[in-house]
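> could you work out the structure for the sequence below:
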Amino acid sequence: MMATLANAREMVEEMRQVRQARLFRPDSVPQDVLAQLLEIARWTGSSRNSQPWHFVVVTNKEHLRQLSQLRTPITWVADAPLAIVIVLDGASELSEAYDEGRVTERLLIGARILGLGGGTAWFGDAAQQQQAKEMLGIPTERTAHSAVVIGYPTTLKDHRPNANVPGRKPLPEIVSYARFGASKA
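As a prediction, the model looks like this:
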């Protein structure tokens, strides 16, 4: 039986408000909130229930700074209070890419619901990913593409020089009914 939430509309609105946060207050994330986020990650569905992940929690400022130096677009990670690096088994690139996306989005939604913000930091190419793995003691056979960076955001505006254009396409541009290109009857 499916649960019915008394505040389902509010929950949907919160999910709609999830945005990439890149600027955070220096306040640390409380341990009980971190524990809730890790439970959300643990209970995320995965392909064939393989649960191909391990999570490396990074709060050390020097380690966050080192991660931020992997690529110019993720220098903002240095000023964040917390990063959760998603480490995958490396057994199935295709299904694990799907699972990584699922757990990333769940963490971002969970952060929003818990009063925080989050952003994703992609480590880059294979050499940059290898650097991240070496920094964090991740075994070579494992995969580590990214981190979900979490904290109390000061803004959701993209502060980078090459900022993304905000907003969303209208539904009629991205939704078809019954057949591709068909509008609602």
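> which residue, other than its chain neighbours, is closest to Trp122?
In space, and not counting its chain neighbours, Trp122 is closest to Ser146: 4.9 Å by CB to CB, 6 or more residues apart in numbering. To be clear about C-beta, it is placed using only N, CA and C from the backbone, and glycine gets the same treatment.
> secondary structure element for that neighbour?
If you go by DSSP states H and E, Ser146 is part of strand 143-151.
> which elements pack onto that strand?
Using 3 or more CB pairs under 8 Å, 6 or more residues apart in numbering; DSSP states H and E, the elements in contact with strand 143-151 are strand 82-88, helix 93-113, strand 117-122, helix 126-136.
> pLDDT wise, what is the residue nearest to Trp122 at?
With respect to pLDDT, Ser146 has a value of 96.
> partner residues bridging it?
Per DSSP bridges, the residues bridged to Ser146 are Ile86, Trp122.
> so what's the residue count around it?
Residue crowding around Ser146 was assessed by other CB atoms under 10 Å; the count is 20.
> Gly124 is in contact with that one, correct?
No - here Ser146 does not reach Gly124: they are 9.5 Å apart, not a contact under CB atoms under 8 Å.
> enumerate every residue touching Gln51.
Arg42 (CB atoms under 8 Å, 6 or more residues apart in numbering).
> where in the protein is pLDDT low?
1-5, 156-166, 185 (pLDDT under 70).
> which residues sit in contact with Arg106?
40-41, 44 are the contacts of Arg106 under CB under 8 Å, 6+ apart.
> next, format these as a markdown table and append distance to Asp32 and neighbour count.
Converted to a markdown table, these look like this (distance: CB to CB, whole Å; neighbours: other CB atoms under 10 Å):
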| residue | distance to Asp32 | neighbour count |
| --- | --- | --- |
| Ile40 | 13 | 17 |
| Ala41 | 15 | 19 |
| Thr44 | 20 | 17 |
